[in-house]
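Peer 1: Everything below, folded, please.
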Amino acid sequence: MTIRRSRATPRSTFTRPTYVTKNIQLYGLVNNLFDAHYGLFGNFYNLEAANSAAAADPATGNGFFTNPRTITPSPPTTAYGGVRVRF
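Peer 2: A predicted model of the protein is given here:
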């Protein structure tokens, strides 16, 4: 997996409530609006322990893991919206 470097911040979130009337509100939220790719968190793990656990599965076998680095990628672009009504 390749993570592209981007100048966009992880907070590329857009939200805007709009009042239609005094009692009706439309709202929307978009996360990662510009589809920025970045790593949220990185960590190192023990290769020996991971490979001994992978050896139990015949599909992976011993020596399956070769890189001790992990990176959690950014979330995909997501959008939510709704209507709020007060009675």
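Peer 1: all helices in the chain, in order from the N-terminus.
Peer 2: 47-54 (DSSP state H).
Peer 1: quick one: the strands in this protein?
Peer 2: For the chain, the strands defined by DSSP state E occupy 14-15, 18-19, 24-31, 39-44, 69-73, 78-85.
Peer 1: Flag the shaky bits of this structure, pLDDT-wise.
Peer 2: Within the chain, the segments meeting pLDDT under 70 span 1-16.
Peer 1: isn't Thr18 right up against Leu26?
Peer 2: Yes - using Cβ atoms under 8 Å, Thr18 is in contact with Leu26, at 4.8 Å. All C-beta spots, glycine's among them, are computed from the backbone N, C-alpha and C.
Peer 1: Those two: who's more crowded?
Peer 2: Neighbours were counted for Thr18 and for Leu26 using other Cβ atoms under 10 Å; Leu26 has more, 13 against 9.
Peer 1: Give the burial count for the closest residue to Phe41 other than its chain neighbours, as a bare number.
Peer 2: Once flanking residues are discounted, Phe41 sits nearest to Thr72: 4.6 Å by Cβ to Cβ, 6 or more residues apart in numbering. Neighbour count of Thr72, defined by other Cβ under 10 Å: 11.
Peer 1: How about Thr77?
Peer 2: Thr77: 13 surrounding residues under other Cβ under 10 Å.
Peer 1: show me what contacts the residue positioned nearest the centre of the chain?
Peer 2: Centroid-nearest residue in the chain, with Cα atoms, centre = their mean: Pro75, separated by 2.2 Å. Going by Cβ atoms under 8 Å, 6 or more residues apart in numbering, Pro75 touches 31-32.
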